[in-house]
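Student: Structure of the sequence below:
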Amino acid sequence: MDASKEKLKLETNIAAVRFSQAVDDEITGVAVIIPGGEIVQLDLNAPAVGRLRQIEWKGSRYGVFPDDLRKRVE
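Tutor: A predicted model of the protein is given here:
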C-alpha cells in the first residue's frame, strides 16, 4: 500500500459527507453514517475540503471532521 495512505478501523459510527463535487470551500454531497467496525482509508496527501478531511470508504470519497475521526478509530 502507498505510504501516504493509511487504513483505519472505526470503533464507532461516524457522520460523513459523500462528495459529489467539491470546489474550493463549496462542498456538495450527501450526509451519511459510516458504521463502526468498517475500514476507511485516509489519504494523507489529499487536500482538506473546507474543514473536512478526505477519506475513502467502499470506493467513494467522503469528508469527515479530523477530530471526530481521531476519536472514533481503534
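Student: Go ahead and flag the most central residue of this protein.
Tutor: Against the mean C-alpha coordinate of the chain, by CA atoms, centre = their mean, the closest residue is Ile55 at 2.9 Å.
Student: got a list of contacts for the helix or strand where that residue lies?
Tutor: Under the criterion of DSSP states H and E, Ile55 resides in strand 53-57. When contacts are defined by CB atoms under 8 Å, 6 or more residues apart in numbering, strand 53-57 is touched by residues 8, 16, 19, 34, 38-43, 46-48, 61-66, 69. Glycine gets a C-beta too; all of them are placed from N, C-alpha and C.
Student: again with stretch 35-48
Tutor: Counting by CB under 8 Å, 6+ apart, residues outside stretch 35-48 touching it are 4-14, 34, 53-57, 62, 69, 72.
Student: Now do stretch 11-23: distance to the chain's middle.
Tutor: Relative to its chain's centre, stretch 11-23 lies at 6 Å (CA atoms, centre = their mean, to the nearest Å).
Student: now stretch 65-74
Tutor: 10 Å.
Student: Ser60 and Asp67, how far apart?
Tutor: Counting by CB to CB, to the nearest Å, the gap from Ser60 to Asp67 is 22 Å.
Student: circling back to that earlier point, in strands only, show me the contacts of stretch 35-48.
Tutor: 5-9, 14, 34, 53-57, 62 (DSSP state E).
Student: beta partners for the residue nearest to the centre of the chain?
Tutor: Ile55 forms beta bridges with Leu42, Tyr62, as assigned by DSSP bridges.
Student: ok, now how distant is it from Ala31?
Tutor: 14 Å.
Student: for this structure, what are the low-confidence residue spans?
Tutor: 1-2, 21-28 (pLDDT under 70).
Student: any idea of the angle the strand holding Ile55 forms with strand 5-9?
Tutor: Angle, strand 53-57 to strand 5-9, by axes from the mean of the first three to the mean of the last three CA atoms, to 10 degrees: 70 degrees.
Student: Mind listing what's buried along strand 53-57?
Tutor: Buried residues in strand 53-57, defined by neighbour count with 16 or more other CB atoms under 10 Å: Arg53, Gln54, Ile55, Glu56, Trp57.
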